[in-house]
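K.L.:
coords below, sequence missing:
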Ligand SMILES: [Fe+2]
Ligand SMILES: [Fe+2]
């Protein structure tokens with residue numbers, strides 16, 4: 001069965017992170033100094049950053065895992081219009097309690113602002129700095145998917161007749177949402193310029209820690225865990241259309257997190273990057289505190305089957321998993337899995353329900369195989 005938490009690594013073993021052996025950045029021979037300017041690109045010359053091979057030549061691949069991410073991403077093809085939202089309108093207006101409507105609206109408000117940030121991070125700050133085309137091509141797909149996610153939230157907001165201006169502005173007036181967005185904005189601002197010099201160790205580390213934050217925390221924890229309050233409604237038969245939309249988004253997000261983590265590990269193989277333990281500790285602690293405050297705002301009292309304590313503990317549990325993927329020590333040893341069903345939401349065999357609830361009759365991705 002495809003593991004959507006790390007779909008490509010099921011079959012491909014990544015190289016282990018090895019400590020840097022040289023204080024200097026690995027470089028390749030500049031193009032103008034290469035003896036044969038018309039020779040095809042050699043895969044071994046490619047680099048994630050600071051590569052000097054022809055960016056317009058896709059293959060031979062040095063990073064076949066990146067191309068596989070692109071192929072797999074295209075199997076999760078959908079649009080928000082494919083999913084029937086009729087029952088959600090009834091549920092929202094007639095079945096949800098005020099506390100459940102508060103949860104639903106604020107999850108949407110947080111997610112929609114976050115997905116725009118995620119799109120800008122990859123599309124405007126990260127992708128241009130990649131020097132191998134197979135990496136850029138998956139990230140181009142990722143940019144599209146982040147836009148698709150924003151469309152999905154807008155579709156939910158419109159369908160339910162929510163006040164759009166109020167929802168989109170909520171991150172500016174709710175401190176607990178604003179804090180998470182400010183953390184991401186700060187990381188993004190640090191790398192949102194085209195002239196970063198990766199021969200400078202400080203700039204290289206700034207880029208790596210920012211990308212690590214977005215992949216492992218912002219997408220790998222905050223998004224992954226962020227859908228679960230609505231999945232808890234779905235488990236009680238409520239807001240099933242929205243939840244189905246979020247299941248498709250979740251599949252994309254776990255791939256984004258997996259790809260980002262894989263790319264960071266490759267950067268560390270190719271460059272003398274040292275992840276500062278103190279900087280990592282501060283990142284985890286800041287993000288955990290922000291998530292706890294957010295959970296308490298969402299859930300000042302528990303709703304049936306879901307509490308702020310569940311949400312916060314699950315964040316810590318997922319953070320440990322992302323650390324394992326990165327090959328670094330667990331930030332929250334002993335954290336317990338409080339939502340065992342959450343992984344099922346990511347890995348669930350979905351094609352049966354999907355085509356039952358789909359309002360249009362078409363199928364893309366003939367190779368669609370979730371198992
Ligand atoms: Fe997204
Ligand atoms: Fe994403």
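P.N.:
Happy to help now that I have it. All of these numbers come straight from a predicted model, not from anything done at the bench. Residues are numbered from 1 along each chain as shown. Ligands and ions are numbered 1, 2, ... in the order given.
K.L.:
quick check: pLDDT value at residue 366.
P.N.:
Per-residue confidence for residue 366 comes out at a pLDDT of 38.
K.L.:
swap that for residue 305, please
P.N.:
With respect to pLDDT, residue 305 scores 88.
K.L.:
that one: what's it in contact with?
P.N.:
232, 235-236 (Cβ atoms under 8 Å, 6 or more residues apart in numbering). Glycine gets a C-beta too; all of them are placed from N, C-alpha and C.
K.L.:
phi, psi of the residue sitting nearest the centre point of the chain?
P.N.:
Among the residues of the chain, the one closest to the centroid is residue 219, at 3.0 Å (Cα atoms, centre = their mean). Backbone torsions of residue 219, given as degrees, to the nearest 10, read phi -90, psi -40.
K.L.:
residues touching it, list them.
P.N.:
Per Cβ under 8 Å, 6+ apart, neighbours of residue 219: 118, 253, 256-257, 260.
K.L.:
residue numbers of the stretch 101-250 of the chain in contact with ligand 1?
P.N.:
With Cβ under 5 Å from the ion as the criterion, the stretch 101-250 of the chain meets ligand 1 at residues 115, 118, 146, 149.
K.L.:
may I ask which of those residues has the most neighbours?
P.N.:
residue 118 (27 neighbours; other Cβ atoms under 10 Å).
K.L.:
residue of this structure closest to ligand 2, please.
P.N.:
Here the residue of the chain nearest ligand 2 is residue 256; by Cβ to the ion that distance is 3.6 Å.
K.L.:
for that residue, give me its contacts.
P.N.:
118, 122, 142, 145, 215, 219.
K.L.:
what about the residues you listed, which are in helices?
P.N.:
Judged by DSSP state H, these include 118, 142, 145 as members of helices.
K.L.:
and ligand 2, which of those contact it?
P.N.:
residue 118.
K.L.:
go through the ones in helices among the contacts of residue 256 and name the one nearest residue 68.
P.N.:
residue 142 (14.2 Å; Cβ to Cβ).
K.L.:
so the closest one sits against residue 122, correct?
P.N.:
Yes - contact status for residue 142 versus residue 122: in contact at 5.1 Å, counting by Cβ atoms under 8 Å.
K.L.:
now residue 40, what's its secondary structure?
P.N.:
coil (DSSP: H, G, I helix; E, B strand; the rest coil).
K.L.:
repeat that for the one 10 residues further on.
P.N.:
Reducing the assignment at residue 50 to three states with three-state DSSP gives coil.
K.L.:
which pLDDT does the model give it?
P.N.:
96.
K.L.:
what's the neighbour count on it?
P.N.:
The number of residues packed near residue 50 is 18, by other Cβ under 10 Å.
K.L.:
now do stretch 91-98, average pLDDT.
P.N.:
Mean predicted confidence for stretch 91-98 is 97.
K.L.:
for that stretch, measure first residue to last.
P.N.:
For stretch 91-98, the first-to-last residue distance is 12 Å (Cα to Cα, to the nearest Å).
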